[in-house]
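Enquirer: The following block contains a protein sequence and its predicted model.
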Amino acid sequence: MQSILSFLSLSALLIPVQSLYFYIDGTTPKCFFEELPKDTLVVGHYTAEEYDENKKEWAKHDGLNVFISVDEVFDNDHRVVSQKGSSAGRFTFSAADSGDHRICFTPSSTSGSTGWLSALHPMGGVKLTLDLAIGETSAIESTDKGKIQDIVRRVKDLNGRLQDIRREQVFQREREAEFRDQSESTNTRVVRWTMIQLVVLGITCAWQLSHLRSFFIKQKLT
């Protein structure tokens, strides 16, 4: 296994993206080395699996976690990555200087199965699949670009909805202003008509009183 990992580590300098899988005994860290030039971007995607006795196949488990560490061997094992993730995830780092980098994976499980503790078990240990993109940003950028485009599309949709809401608010304010003007105009007309009715009623009352007074005066004289 060490010879295979050494060969894959060497081929990583020639192939931008490499894939491999290996088995890990229990909580024993599994490490390999990568010699990286300065400012090299490395992105890794990993998937850890336990053997499912019921399904008779390797499968991811919610209780399976993986601790990932990356140390700069040339700089007194300075740690640049210390990350605990679930059974599948991603890690990223950039080489601050040229030299060997030690990449280690340490699993832990709460599945209750004892088989994962040892790869000597017929279907034991943890199977870890690793995809590394080393010194090549095209695949990484394409993934990030897709995510950015999706975010841009969502932002545009939100902006479109916001514009619709603003137009609706303007329309509602215009309708409210129109309704307010109509209400004020109606109230003004009602008050004016009431005043006219009061004036007419007052004139009518005055005329009737004057007529009654004249009638009573005439009756008294006769």
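Expert: All right, it came through fine.
Enquirer: Go ahead and flag the most central residue of this structure.
Expert: For the chain, the residue nearest the mean C-alpha position is Ile151 (9.0 Å; CA atoms, centre = their mean).
Enquirer: SS state for that residue?
Expert: Under DSSP: H, G, I helix; E, B strand; the rest coil, Ile151 falls in the helix class.
Enquirer: Next one, pLDDT for Pro122 please.
Expert: Reported pLDDT at Pro122 in the predicted model: 52.
Enquirer: I should have written Asp25 there, sorry.
Expert: Taking Asp25 on its own, its pLDDT is 75.
Enquirer: and what of the one 10 residues further on?
Expert: Predicted confidence (pLDDT) for Glu35: 87.
Enquirer: and what of Arg79?
Expert: In this model, Arg79 carries a pLDDT of 90.
Enquirer: which element is it on?
Expert: When elements are assigned from DSSP states H and E, Arg79 belongs to strand 78-85.
Enquirer: now do Phe171
Expert: Element membership of Phe171 [criterion: DSSP H and E] is helix 138-221.
Enquirer: How far does that helix sit from its chain's centre?
Expert: 43 Å (CA atoms, centre = their mean, to the nearest Å).
Enquirer: Give the pairing partners of the strand holding Arg79; include direction for each.
Expert: strand 64-72 (antiparallel) (DSSP bridges).
Enquirer: Appreciated, that's everything.
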